[in-house]
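Student: I would like the atomic coordinates for the input below:
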Amino acid sequence: MKFRPLILLAGLTLAALVLSPVLRAQSETQVEEAVQVFKVDGGHSSVLFRVIHMGVAPFWGTFNEVDGEVHLDAETPTNSKIMVTVKADSVDTRNSGRDRHVKSADFLDAENHPDLKFESTTIVSSDGKIWNVKGVLTARGKSLPVDVKVMVTGNITDRGGNHRVGAEAEFTFNRQDFGIAGGGVSDEVKVIVALEAIGV
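Tutor: Residues are numbered from 1 along each chain as shown. From the prediction side, this is the model:
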């Protein structure tokens, strides 16, 4: 009789070992089912950047080609993920000569590093509308951590039955950290990314 508790404990331990992978797989499946994938709509998304020119005045430019995906879990935002890719060659400063200079090895080196990328690593929702996001920014072939503030701007089903979500993200980085060392503008770069994405 005195061995029965030990036998029972051994049985429970064995059951836990057998069921643990099954329960973990079920949990992961539930998370995957809760996450919806959205494709960034480049035609309705914008990427802007700001530097200070010669220490005098703010100057804004844009990137005209943006792509990516948002993996959204509306109920549990920490399960979500944001991935954005911008084509360095699409930089637009409203001056063709200046655009060529920004694309050159002095700045973005677009020929050798055609993509600028951001991928989230951790998402924390503060009130449902504002997300504090930690992620990795890759520019000129170098990847470094950045903190991003994301404001959720919309979540609708359009007249065509497409599920659309929108967000605006803002962050700053030091271009020298990425080897973007051309002169004449501030080291600090402010970036605003306005995304619209469609469910797939």
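
Student: List the buried residues in stretch 190-200.
Tutor: With burial defined by 16 or more other CB atoms under 10 Å, the residues of stretch 190-200 counted as buried are 190-191, 193-198. Where C-beta positions appear, they are placed from N, C-alpha and C, glycine not excepted.

Student: which helices and strands sit right next to the strand ranked longest in the chain?
Tutor: Taking DSSP state E as the criterion, the chain has its longest strand at strand 142-157. In terms of contacts (3 or more CB pairs under 8 Å, 6 or more residues apart in numbering; DSSP states H and E), strand 142-157 is packed against strand 115-125, strand 130-139, strand 163-174.

Student: Helix, strand, or coil at the nearest residue to residue 44 once chain neighbours are set aside?
Tutor: Nearest non-adjacent residue to residue 44, counting by CB to CB, 6 or more residues apart in numbering: residue 196, 4.1 Å away. Classification of residue 196 using DSSP: H, G, I helix; E, B strand; the rest coil returns strand.

Student: residues in contact with residue 196?
Tutor: By CB atoms under 8 Å, 6 or more residues apart in numbering, the residues touching residue 196 are 40-41, 44-45, 164-166.

Student: ok, 6 Å please
Tutor: By CB atoms under 6 Å, 6 or more residues apart in numbering, the contact list for residue 196 reads 41, 44-45, 166.

Student: just residue 50 next, same as before
Tutor: Per CB under 6 Å, 6+ apart, neighbours of residue 50: 58, 60, 190.
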